[in-house]
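**Q** Need the 3D shape of this:
(chains A and B)
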Amino acid sequence: MYRSLLSTVKNWTQPRSLVIGVPYLWLLAFFAIPFVIVLKISFSWMQPIQPGYAPLIEWVEETRRLVVSFNFDNYQVLLRESLYVETFLYSVKVAAVSTFWCLLIGYPMAYAIARSKPSTRNLLLMLIILPFWTSFLLRVYAWVGLLKTNGVINNTLLALGLIDQPLTLLYSDFAVYIGIVYSYLPFMILPLYSNLEKHDLTLLEAAADLGARPVKAFMKVTLPLSMPGIVAGCLLVFIPAVGEFVIPSLLGRTDQLMIGTVLSAQFFGARNWPVAGAVAIVLLLVLLLPILLFQRHQRRELEAVRR
Amino acid sequence: MRQRGWFRGAMLALGLAFLYVPILSMIVFSFNNSRLVTVWDRDNSPTLRWYVRLLENDQLLGAAWISIKVAAMSACGAVILGTLAGVVLTRFGPFRGRAFLSAMTTAPLVMPEIITGIAMLLLFVALEQAIGWPSGRGMSTITIAHITFAMAYVTVIVQSRLAGFDDSLEEAALDLGAKPATVFFRITLPLIAPALVSGWLLAFTLSWDDVVIAQFVSGPGSSTLPMEIFSRVRRGVSPDINALATLMVLVVAVGVVLSTLYMRREEQRRSREERMAHNDGNP
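**A** Here you go, the predicted model:
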């Protein structure tokens, strides 16, 4: 017993264990444990005094008893009030539609880059990544100026005589789609590109030799081969888009909020941390499957590099 | 075949226009004299008045200074921790909890920022209750949060760089009697140096750009630049923000062009050296 304990301690002080331990403990303390705390708070009662929530397990000195009080109402509220269900469904819909448009715009772009000359390829990739290095917030804000009632798009259309009345573009579903597609497009293009670039082009020649038209060859060869890239790109757009907060608060509707906005309002406005915690946990559960899919993809990519 | 080439070119041009028109419009209207921002004042434009006003705005400049400090510290922390995690995951073989470490380093890549922000804030509140640290929230809590989510990106970059090299060089050094630490500093680190540079830049940008997480874990007096911008643009468009955006685009564009030129030169130098090595020193 004592011996095994000693050897464990000895193991921990080995340089190897120390190197593993530093990033491990950091992520445990600042990434994993916070989720446990959110889970805990989502089951506790709201409390007007600091820290805003009551402890789950408490030693009461007067009665000399350990009191355990779970509050499941935070979760029941989410089902009872239609606001939450609607907001969740709306967020998933917005993210899905935006992901679809991202794919539709991103796929031809990634394809064109992957099939261009190697010398222009790097330049094109740099042009795709460059906006990503400039402030995300400011790029979303740029769309406010474009989509406003007296913004650039309306002024141009009016000047060209194509419309008589300015269109209502801002603060709509359309504006949110544009914002998400615009901000996340590089995240769709890059995994697609790195997949399409690796394709063996002789397969297409073989298909042509066997009499397949280009469209058919694309559908039967290129598209199936690029599925891993499509899945990765879609997950990289969809998952963060469901919880998006900045884009809907700058461009989105005021009568239909996204879950990120509701979460932030519960947290800072109503200061109901237990309900906010429950919303965060449910959001995490909704996204758990896509997140696990993404992790599987990442693992496979790294194994492919190693081989 | 020529027809399809035309289609590809058109899609690419349209896509790039979509990416760049909003940025260009901000640049153009930053020189507009009109307070109406998007209505061009023909008589008095172009003007630099918004740039002058920007440089007189101590609040924004102060926030920018906080952002630079936080981003630099976060990038250094993220590179150190991310490199350790990347090396551990690719070079250390199996160990207990490896799968969990791997999951913890990929999850932040896709985790919605709002969830990370809330989880971080609740951790800091609970820690303050339990052990009295951190007392209140400010630059240090923002930095810790940024290190945590940026180190995931560094880990991925380092991992894919290390996966590209087999470990024969490291094994050879170990066989020749070098200590593991020596091998790391003399062989592994120089091999992954380019990954560390791009990881540092990416971590700096992620921190410099973040508004959601910062909003949760910041305290009074520690507003970062994106937080200041966000609270301004929520109230509507303002011309000095266009000027700020233009300056930021300028800095990034210059930086990216310089680093691309540098990397291309390094690449050429390396391939030349490789050729010389193959030809026994004759070019």
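**Q** List the contacts of residue 185.
**A** Picked chain A for this. If you count contacts by C-beta atoms under 8 Å, 6 or more residues apart in numbering or on different chains, A:Leu185 has them with A:Cys102, A:Ile105, A:Gly106, A:Ile128, B:Gly15, B:Phe18, B:Leu19. (C-beta placed from N, C-alpha, C; glycine too.)
**Q** which one among those gets closest to A:Thr168?
**A** Taking C-beta to C-beta as the measure, A:Thr168 lies nearest B:Phe18 of the contacts of A:Leu185, at 21.1 Å.
**Q** For residue 159, pull up the helix or strand it's in.
**A** Just going to use chain A. Per DSSP states H and E: A:Ala159 is located in helix A:152-160.
**Q** meant chain B, my bad for not saying
**A** Following DSSP H and E, one finds B:Gln159 within helix B:139-164.
**Q** That helix near chain A anywhere?
**A** Yes. Contact of helix B:139-164 with chain A is found when judged by C-beta under 8 Å from any C-beta of the partner chain, involving B:Ile144, B:Ala145, B:Ile147, B:Thr148, B:Met151, B:Thr155, B:Val156, B:Gln159, B:Ser160, B:Ala163, B:Gly164.
**Q** tell me the least confident of those?
**A** The member of the residues of helix B:139-164 next to chain A with the lowest pLDDT is B:Gly164, at 78.
**Q** How about that one, nearest residue that isn't a chain neighbour?
**A** Distances taken as C-beta to C-beta, 6 or more residues apart in numbering or on different chains put A:Val305 closest to B:Gly164, at 6.0 Å, once the chain neighbours are dropped.
**Q** what residues are up against the one you found?
**A** A:Val305 touches B:Ser160, B:Ala163, B:Gly164, counting by C-beta under 8 Å, 6+ apart.
**Q** Would you mind giving me the confidence score for A:Met1?
**A** The model's pLDDT for A:Met1 equals 53.
**Q** Domain map for the chain?
**A** As the question left the chain open, I've gone with chain A. Recorded structural domains for chain A (assignment: automatic domain parsing) are A:2-68, A:75-306.
**Q** wrong chain, I was asking about chain B
**A** By the assignment in automatic domain parsing, chain B contains the domains B:60-236, B:242-283.
**Q** Can you pull the phi/psi pair for the residue of chain A found nearest chain B?
**A** The nearest approach of chain A to chain B comes at A:Gly243, 2.5 Å away (C-beta to the nearest C-beta). Backbone dihedrals for A:Gly243, given as degrees, to the nearest 10, come out at phi -100, psi 10.
**Q** Please tell me how far it sits from A:Val286.
**A** 9 Å (C-beta to C-beta, to the nearest Å).
**Q** neighbour count winner among the two?
**A** It is A:Gly243, of A:Gly243 and A:Val286, that has more neighbours when counted by other C-beta atoms under 10 Å in any protein chain shown, with 25 against 16.
**Q** Contact partners for residue 191?
**A** Just so you know, I chose chain A. The neighbours of A:Pro191, taking C-beta under 8 Å, 6+ apart as the test, are A:Gly229, A:Ala232, A:Gly233, A:Leu236.
**Q** actually it's chain B I care about, not the one you picked
**A** B:Arg161, B:Leu162, B:Phe165, B:Leu169.
**Q** Is it in a helix, a strand, or coil?
**A** helix (DSSP: H, G, I helix; E, B strand; the rest coil).
**Q** about what we covered before: of the domains of chain B, which is nearest B:Val39?
**A** Each of these has some distance to B:Val39 by C-beta to C-beta; the shortest is domain B:242-283, at 13.2 Å.
**Q** For the closest residue to A:Thr168 other than its chain neighbours, give me phi and psi.
**A** Leaving aside its sequence neighbours, A:Thr168 sits nearest to A:Thr149 (C-beta to C-beta, 6+ apart; 7.0 Å). The phi and psi torsions at A:Thr149 (degrees, to the nearest 10) take the values phi -60, psi -40.
**Q** What pLDDT is listed against the residue of the stretch 101-250 of chain B found nearest chain A?
**A** The nearest approach of the stretch 101-250 of chain B to chain A comes at B:Pro112, 2.5 Å away (C-beta to the nearest C-beta). You'll see B:Pro112 listed with a pLDDT of 90.
**Q** neighbours around A:Leu283, how many?
**A** Other residues near A:Leu283 come to 22 when the count uses other C-beta under 10 Å.
**Q** go on, A:Leu79?
**A** The number of residues packed near A:Leu79 is 10, by other C-beta under 10 Å.
**Q** again with the one 3 residues further on
**A** Taking other C-beta under 10 Å as the criterion, the count of residues near A:Ser82 is 8.
**Q** quick one, what contacts it?
**A** Per C-beta under 8 Å, 6+ apart, neighbours of A:Ser82: none.
**Q** I figured the residue of chain A closest to chain B hits B:Ile115, correct?
**A** Yes. Counting by C-beta atoms under 8 Å, A:Gly243 touches B:Ile115, with 6.2 Å between them.
**Q** who touches both of those two?
**A** Common neighbours of A:Gly243 and B:Ile115 (C-beta under 8 Å, 6+ apart) are A:Leu283.
**Q** hang on, the earlier thing: would you check how far apart the residue of the stretch 101-250 of chain B closest to chain A and A:Leu28 are?
**A** In this view, B:Pro112 and A:Leu28 are 21 Å apart by C-beta to C-beta.
**Q** what about the two, which has more around it?
**A** Taking other C-beta under 10 Å, B:Pro112 and A:Leu28 do not tie; B:Pro112 has more neighbours (25 against 15).
**Q** ok, so what distance separates the more buried one from A:Thr149?
**A** Distance, B:Pro112 to A:Thr149, using C-beta to C-beta: 31 Å.
**Q** Same question for B:Asp240.
**A** Going from B:Asp240 to A:Thr149 by C-beta to C-beta gives 22 Å.
**Q** Give me the more crowded residue out of these two.
**A** Between B:Asp240 and A:Thr149, B:Asp240 has the larger neighbour count (other C-beta under 10 Å), namely 19 against 14.
**Q** looking at it, that one is touching B:Leu54, isn't it?
**A** Yes. At 4.7 Å, B:Asp240 counts as touching B:Leu54 under the criterion of C-beta under 8 Å.
**Q** Show me the common contact partners of these two, please.
**A** With C-beta under 8 Å, 6+ apart, B:Asp240 and B:Leu54 have common neighbours B:Leu60.
**Q** who's in contact with residue 126?
**A** This is for chain A. A:Met126 neighbours (C-beta under 8 Å, 6+ apart): B:Val256, B:Thr260.
**Q** wrong one, chain B
**A** Listed by C-beta under 8 Å, 6+ apart, the contact partners of B:Ala126 are A:Ile37, A:Pro51.
**Q** what's the spacing between it and A:Lys40?
**A** 9 Å.
**Q** follow-up on the earlier one: any chance of the contacts of B:Leu191 in a markdown table, plus pLDDT and neighbour count?
**A** Below are the contacts of B:Leu191 laid out as a markdown table (pLDDT from 0 to 100; neighbours: other C-beta atoms under 10 Å in any protein chain shown):
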| residue | pLDDT | neighbour count |
| --- | --- | --- |
| B:Arg161 | 87 | 20 |
| B:Leu162 | 89 | 24 |
| B:Phe165 | 79 | 15 |
| B:Leu169 | 84 | 14 |
